[in-house]
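Undergrad: let's see this in three dimensions:
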Amino acid sequence: MKNLLVAVLLIVSTICFGQKSQMKTEYVKYRQNKGGYWSEWSALKKTSVTVTINADEQRIIVNSSPKETYRILDFKPTQYIDDSLVQDYYCVDSSGKKCIVTFVISKSESAIINLKYNNWEYIYSGYLL
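TA: You can find the predicted model right below:
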């Protein structure tokens, strides 16, 4: 419970006080939506990418190759679901496409980031820095 409280305070302070939060990814998987049907998830692939939420600049940055930047337009209040914290951000990427970026933080401080567009979805899993 203490770890969860720390995670809640981290998310709230990021939103309210303009600090940065970071996550290091370990795995990624993806799927595509073709003709209204989602494909099966890809196999998990190892990855090592740092993801930063920068509330001051209203940006989420995925330091992959190439670097991905998402401008935060809006967000939902933080929710507590199944012993995890869930934060949805409504964003636009550098190409002008809208997407939803969801952060899920568990009691053990493991973290998941879901990047969802109309036609594809990525899920990164890792831990808070």
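
Undergrad: the helix or strand containing I112: partners in the sheet, and parallel or antiparallel?
TA: Element membership of I112, judged by DSSP states H and E, is strand 110-116. Applying DSSP bridges, strand 110-116 is found paired with strand 98-106 (antiparallel), strand 120-128 (antiparallel).

Undergrad: list the buried ones in stretch 42-57?
TA: By neighbour count with 16 or more other Cβ atoms under 10 Å, stretch 42-57 contains the buried residues 49, 51-55. C-beta coordinates here come from the backbone N, C-alpha and C atoms, glycine included.

Undergrad: any chance of the residues you listed in JSON lines, plus distance to K24?
TA: Listed next are those as JSON lines, based on distance: Cβ to Cβ, whole Å:
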{"residue": "V49", "distance to K24": "8"}
{"residue": "V51", "distance to K24": "8"}
{"residue": "T52", "distance to K24": "11"}
{"residue": "I53", "distance to K24": "13"}
{"residue": "N54", "distance to K24": "16"}
{"residue": "A55", "distance to K24": "19"}
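
Undergrad: in strands only, show me these.
TA: Of the buried residues of stretch 42-57, the ones assigned to strands by DSSP state E are 51-54.

Undergrad: before we move on, the earlier item: dump the buried residues of stretch 42-57 into CSV; add pLDDT and distance to V86 as well.
TA: Shown next, in CSV, are the buried residues of stretch 42-57 (pLDDT from 0 to 100; distance: Cβ to Cβ, whole Å):
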residue, pLDDT, distance to V86
V49, 93, 21
V51, 94, 16
T52, 93, 19
I53, 89, 14
N54, 88, 20
A55, 79, 17
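
Undergrad: any idea how far the residue sitting nearest the centre point of the chain lies from K34?
TA: For the chain, the residue sitting closest to the mean C-alpha position, by Cα atoms, centre = their mean, is I113 at 3.0 Å. Taking Cβ to Cβ, to the nearest Å as the measure, I113 falls 23 Å from K34.

Undergrad: how about F103?
TA: Counting by Cβ to Cβ - F103 and K34 are separated by 27 Å.
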